[in-house]
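In: Turn this into a model:
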Amino acid sequence: MEKIGLFFGSDTGCTEAVAEMIQEQIGQDKVELLDAYDIDKSDFDRYDKIIIGLSTWHDGELVSAWDDFFEDFKEIDFSGKTIAIFGLGDQYGYSTYFIDGVGILGKVVLENGGKLIGYTSTEGYEHDESKAETEDGKFMGLAIDEDNQDELTEERVLDWIEQIKKEFPIE
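Out: Here you go, the predicted model:
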């Protein structure tokens, strides 16, 4: 069975915790965790199914590991690959940049030939803008707000996992 590569960047540990929850729910034998601090462009070649996780910092900036890797990320050929993205952000404190990192990386994935799955509804969030938001009221992935809606995290993650299992598909 081919493994899913789950690439995450986490400065505070919250994104890593969500990545571990996803790995546990899908199966440790099916998902390999890769910390963005330790990755190389060639690591993406090993997977046809990829999950990316990150936080958005301050005024729409990528979390440190993804920011450091971004120039290399823009050079990856995602043709023939299926990618799901989840992002953490603060919809109140940074309402004009909520999960912008998902949109920044998602745009590169699409421009570089990847198939993006795991879109979720913007309903239930109170933000002003997001680079991850599409015209049809969806985010380009899963939005998590541990600062203001941490009680919804587990349910959102579990629902999203069921969705991406069908969209990848994963047995």
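
In: How far away from the center of its chain is the lowest-mean-pLDDT helix or strand in the chain?
Out: Ranked by mean pLDDT, DSSP states H and E, the weakest helix or strand in the chain is strand 61-62, scoring a mean of 92. On the basis of Cα atoms, centre = their mean, to the nearest Å, strand 61-62 is displaced by 13 Å from the centre of the chain it belongs to.

In: pLDDT weak spots in this structure?
Out: 1 (pLDDT under 70).

In: Name the residues that touch the helix ranked longest in it?
Out: The helix that spans the most residues within the chain, counting by DSSP state H, is helix 153-167. With contacts defined as Cβ atoms under 8 Å, 6 or more residues apart in numbering, helix 153-167 is touched by 18, 21-22, 25-26, 51, 82, 84, 86, 117-118, 120, 142-144, 146, 170. In this view, the C-beta of every residue, glycine as well, is placed from N, C-alpha and C.

In: Keep only those of these that are in helices.
Out: Assigned to helices by DSSP H, the following of these qualify: 18, 21, 22, 25, 26.

In: thinking the first one is in contact with residue 141, fair?
Out: No - taking contact to mean Cβ atoms under 8 Å, the distance of 11.7 Å between residue 18 and residue 141 leaves them out of contact.

In: Now for the two: what residues contact both?
Out: With Cβ under 8 Å, 6+ apart as the test, residue 18 and residue 141 both reach residue 86.

In: who has more neighbours, those two?
Out: residue 141 (29 against 26; other Cβ atoms under 10 Å).

In: Roughly how far does that one sit from residue 83?
Out: Distance from residue 141 to residue 83, counting by Cβ to Cβ, to the nearest Å: 9 Å.

In: what residues does the helix or strand residue 66 falls within touch?
Out: Take DSSP states H and E as the rule and residue 66 turns out to sit in helix 64-73. Contacts with helix 64-73, where a contact means Cβ under 8 Å, 6+ apart, come from 9-11, 35-37, 39-41, 54, 57, 61-62, 101, 104-105, 108.

In: let's see 6 Å
Out: Applying Cβ atoms under 6 Å, 6 or more residues apart in numbering, the external contacts of helix 64-73 come out as 9, 11, 36, 37, 41, 54.
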